[in-house]
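Enquirer: predicted coordinates and the sequence they were generated for:
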Amino acid sequence: MVNMSNLIKLQRELSSKVVLKKMRDIPKLVAGFDLSFPSKGIALAVGVVLKYPELDLIEMKWITSKVDIPYIPGLLSFREGPAIKKVYAMLESVPDLLFFDGQGIAHPRKLGLAAHMALTFDKPSIGVAKSHLFGRYKMPSEKRGDFEYICNGNEKIGVVLRTKDGIKPLFVSPGSFVNLSDCVEYTLKTCNGYKLPEPTRLADFYSKKLKKEV
DNA sequence: GCGACAG
DNA sequence: ATCTTGTCGC
C-alpha cells in the first residue's frame, strides 16, 4: 500500500535541494544504472562504471531486491531507488557522473529519478528517458546532435536530443550538480554509434542478460 | 470531466 | 517494465 501524498510531499521538500550548475571538472569515470524485473515483486539492478572519455567498461555489479511500490508515473524513484542504492553501494570505483533511465528535473515536482538519485549520492547526474513525462517541447530535426528545449512555462528544464540520425530522440534533463549544456555534451559524448549513452546501454544490456540467467 | 502518464 | 514473431528499412 502506498501513501502517494506523503511521497509527493517528500519530493517537494527534496526538489528544493537540486542545484543546477556546470560541472567543475571533466569526469574520469561515468556510471550507468538500469533495472529489469525477473518476476513480479523482484527487481534486478545493474550498475556499470566506464572510463571517460574512452568509455571502456571497468566494472559491473548487480543485485536482486524486493520491490514494494508499483509503478506510478511521477513516483518512479521510490520504486527503483532502493535497488539502485544497493548496487551503488557495491561499486568499488567512485564515478564522477551518473546516468539514469528516466527524467531528471523534467518532472512535475522537479524530482525525477536522476534528480532524486543525485541528491541521494551527492553526485552529478543526468536523466536520459526514452519517452516524455513532463514539459512542452517541439521535435528536433532528424540530425544527430540537434535538440529542442523542454519547457515548463519560460523555464528550460531539459532537452529533446537526437543522438542518432533519424532515430527517435531522447528526453534528457539534469539530475543535480550539472546544467543543461553538460547534459547535451556528456550525453552526446557517451553515445558511441548507438541511440543510448554507453553507461545506460550497457546497464540495460546486462540487466536483461542476467534476468534470463537468474 | 478529459487527456497525459519516466520505467 | 513485460508479454512476443515477423518484418520493414538501411
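Expert: Sure thing, it's come through. Small disclaimer: the values here were computed from a predicted structure and weren't measured.
Enquirer: what segments of chain A are strands?
Expert: Shown for chain A, the strands assigned by DSSP state E span residues A:29-39, A:42-51, A:57-66, A:97-100, A:125-129, A:147-152, A:155-161, A:170-176.
Enquirer: distance of residue A:149 from residue A:60?
Expert: According to C-beta to C-beta, to the nearest Å, residue A:149 stands 34 Å off from residue A:60. From N, CA and C alone the C-beta is placed, and that goes for glycine too.
Enquirer: which non-adjacent residue is nearest the spatially most central residue of chain A?
Expert: In chain A, the C-alpha nearest the mean C-alpha coordinate belongs to residue A:100, at 1.8 Å (C-alpha atoms, centre = their mean). The shortest distance from residue A:100 to any residue other than its chain neighbours is 4.2 Å, reached at residue A:114 (C-beta to C-beta, 6 or more residues apart in numbering).
Enquirer: per-residue confidence at the closest residue to DNA strand C within chain A?
Expert: Scanning chain A for the residue nearest DNA strand C gives residue A:36, at 3.4 Å (criterion: C-beta to the nearest atom of the strand). Turning to residue A:36, the model gives it a pLDDT of 98.
Enquirer: what pairs with it across the strands?
Expert: Beta-bridge partners for residue A:36, by DSSP bridges, are residue A:44.
Enquirer: DNA strand B is nearest to which of the strands of chain A?
Expert: Using C-beta to the nearest atom of the strand as the criterion, the shortest distance between DNA strand B and these is 3.9 Å, found for strand A:125-129.
Enquirer: now for the closest one, which elements pack on it?
Expert: Strand A:125-129 makes packing contacts with strand A:97-100, helix A:113-121, strand A:170-176, helix A:180-190 when contacts are defined by 3 or more C-beta pairs under 8 Å, 6 or more residues apart in numbering; DSSP states H and E.
Enquirer: what sits against residue A:160?
Expert: Contacts for residue A:160 were tallied using C-beta atoms under 8 Å, 6 or more residues apart in numbering; they are A:132, A:137-140, A:147-150, A:169-172.
Enquirer: including neighbour count, could those residues go into a markdown table?
Expert: What follows is these, written out as a markdown table (neighbours: other C-beta atoms under 10 Å):
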| residue | neighbour count |
| --- | --- |
| A:132 | 15 |
| A:137 | 18 |
| A:138 | 9 |
| A:139 | 11 |
| A:140 | 17 |
| A:147 | 22 |
| A:148 | 16 |
| A:149 | 16 |
| A:150 | 26 |
| A:169 | 23 |
| A:170 | 24 |
| A:171 | 24 |
| A:172 | 28 |
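Enquirer: among the helices and strands packed on strand A:125-129, which is nearest residue A:7?
Expert: Comparing those by their distance to residue A:7 (C-beta to C-beta), the top pick is helix A:113-121, with 10.7 Å.
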